[in-house]
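1. Here you go, sequence then predicted model.
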Amino acid sequence: MGIKQVLDRNPVVTLVVTCASVGSVIATVMAYFANERISAMEEREKAQIAELSAKNTAELTSVSNSLKATIADLSFRLTSIQRTIPGTEPTYVDISKIIIGNDAVKSLAPQYKSVWSGEFYLNQPQIEGWSVSDTNELELDRLIYGDKFADSIPDSLRKVLSDAKILTKYHVNLLPDGIYPKI
């Protein structure tokens, strides 16, 4: 007995086989379209990620450049002294260039004098009545507040103040009775 005869005698078997064949075809078509849809969604997602990444990268670069410019400006200001006259743009003296090497020290003009064992070099203006001296905090307190105050400082603090070196600039005629002028 062949397949045709079995199918002709049993219509239920024919129906089941036909349904299985149609279901198989439908499942295959559905799987194909589902895979196509998934692929399209993945491509769309990749495109959106790339777009967001490019946008965020551009924003990040913009913010980063702005912050770098601010950092550079603040670093420059940190190593510079800002001098301004009202109504003018600020000008800067770059104090990072004030420190010089041994070769530059040898080529300084003779009016520069060594201060603090060669740690600093000072070009003292020649103005009558003004004096610049290498001193310490204790002697400065003596100039400002007088001998009575300086003698009343405890020995422990006196040692610290005498070790603290400073440069002072004062006018000789403005020091009566231990009063120190503003510099």
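-> Ah, there it is.

2. buried sites along the one helix or strand residue 4 maps to?
-> Under the criterion of DSSP states H and E, residue 4 resides in helix 3-9. For helix 3-9, burial by neighbour count (16 or more other CB atoms under 10 Å) applies to no residue. C-betas here are computed from N, CA, C, even on glycine.

3. after that helix, next one along is what?
-> Moving toward the C-terminus from helix 3-9, the next helix or strand (DSSP H and E) is helix 11-78.

4. Give me the secondary structure label for residue 121.
-> Of the three states, residue 121 takes strand under DSSP: H, G, I helix; E, B strand; the rest coil.

5. Which strand residues bridge the nearest residue to it once chain neighbours are set aside?
-> Leaving aside its sequence neighbours, residue 121 sits nearest to residue 112 (CB to CB, 6 or more residues apart in numbering; 4.4 Å). Under DSSP bridges, the beta-bridge partners of residue 112 are residue 123.

6. and residue 112, what pLDDT?
-> Note on residue 112: pLDDT of 76.

7. Residue 100 too?
-> For residue 100, the pLDDT comes out at 74.
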